[in-house]
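J.: Sequence and predicted model, in that order:
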Amino acid sequence: QAKHKGKSAYAHFAPEMTEVSHERLQMESRLRRAIELKELELYYQPIVHTDSGNLVAVEALLRWNNPTMGMVMPDRFIPLAEETGLIIPIGEWVLEVACKAAVEWKEIAGRNIGISVNVSPRQFRDPRFTDAVMQALDNSGLEAEQLELEITERLILDNSIETAEILRLLDREGIRLSVDDFGTGYSALSYLKSYPFDTLKIDKSFVQDVMKEPEDASLVRAIINMAHSLGLRVIAEGVEDEPQTHFLKAEGCDFSQGYFYSRPLPATEFEAWLKTNQRVQI
Ligand code: C2E
Ligand code: MG
Ligand code: MG
Ligand code: MG
């Protein structure tokens, strides 16, 4: 009887499953060709010094412009790219393009501008990863200190020897390392003292409500203080309005990023932003 029940359940869900997996397969085959068809594009979002509003760095954020699907946001295709391994060539492409862009902006701004690149777990664990990073630096001529790699807590928590070794190798090369979406993982805070991170990025879910929710304000304050006492710098993500900037200034948050300063912009628009918004070096 159980068998019969199982069968009918299967029959009921089968058409839906087929539809989902068909869609997935179609998306995968499109994504597979996205690089050669030049459908991938990097958008750039300013990261500013909280006190002065001066630009210090830029985060590269991936977009996929597909003729049939329109603009596809990373949350819709990065997981697929991870599962299929496509994240490896895509990630290499991102590193190459982002490092070259940072070198061009140095010319425009007349000073160094850091570039932050997101790295996903599968990409990080690929044996060619560190070579790809060094290659992107070599090809662009970008100094290692100008590159920051953003890594999520999910990756760090695997606690493997390999993860620790790769982080130390990148650190020795002078590349900066940040913890992205800080506070959203199930973090064992101890990794902060054993790994060579430079920066914590406070997740936007905490920043968004600092003016409305005293608990969020307390958490953000505590994260900033903890980070500073560990010698880490802090970036607040998702800063959308002026009151939030006052709060973050008062709490000593080093850097800020969010729509209040600028949305992520395509390269040409970012360059225009840079030309009009660049201020004296801090
Ligand atoms: P993330 O690294 O935490 O990036 C920040 C996300 O917050 C971006 O979403 C950005 O557009 C958005 N954001 C920035 N300011 C604000 C704000 O003021 N308010 C709100 N509500 N949102 C804001 P996006 O571009 O959709 O990227 C989503 C995620 O996809 C990223 O989160 C990152 O984890 C991943 N991702 C993006 N580009 C890449 C990439 O090149 N490689 C990998 N592996 N992952 C990427
Ligand atoms: Mg990020
Ligand atoms: Mg370091
Ligand atoms: Mg984040």
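T.: Perfect, thanks for sending it. Residues are numbered from 1 along each chain as shown. Ligands and ions are numbered 1, 2, ... in the order given.

J.: Quick check: chain neighbours aside, which residue is closest to the spatially most central residue of the chain?
T.: Nearest to the mean C-alpha position of the chain, counting by C-alpha atoms, centre = their mean, stands N118 at 3.5 Å. Excluding the flanking residues, the one nearest N118 by C-beta to C-beta, 6 or more residues apart in numbering is E150, at 4.8 Å. Yep, even glycine has a C-beta here, placed from its N, CA and C like the rest.

J.: Run through the bridge partners of that neighbour.
T.: E150 has these beta-bridge partners by DSSP bridges: N118, S178.

J.: What parts of the stretch 51-200 of the chain come near ligand 1?
T.: By C-beta under 6 Å from any ligand atom, the residues of the stretch 51-200 of the chain that approach ligand 1 are 61-62, 73-75, 78, 94, 118-120, 150, 180-181.

J.: could you flag which of those are buried?
T.: Neighbour counting with 16 or more other C-beta atoms under 10 Å marks 61-62, 78, 94, 118-120, 150, 180-181 as buried within those.

J.: Which one of those residues is nearest to I35?
T.: Nearest to I35 among these is V94, at 10.2 Å by C-beta to C-beta.

J.: and that closest one, backbone torsions?
T.: Main-chain torsions, V94, degrees, to the nearest 10: phi -60, psi -50.

J.: Test my guess that it contacts S116.
T.: No. Applying C-beta atoms under 8 Å as the test, V94 and S116 come out as separate, 11.1 Å apart.

J.: Now do the shared contacts for these two.
T.: Contact criterion C-beta atoms under 8 Å, 6 or more residues apart in numbering; residues shared by V94 and S116: A60.

J.: Which parts of the stretch 1-150 of the chain are strands?
T.: All strands of the stretch 1-150 of the chain, identified by DSSP state E, counting those that start in this stretch, fall at 40-49, 55-66, 70-72, 114-118, 147-152.

J.: Quick check: P46 vs V239, distance?
T.: 11 Å (C-beta to C-beta, to the nearest Å).

J.: joint contacts of those two?
T.: 257, 261.

J.: returning to that earlier point: shouldn't the residue nearest to the centre of the chain be in contact with Y43?
T.: No. N118 lies out of contact with Y43 (C-beta under 8 Å); the separation is 11.9 Å.
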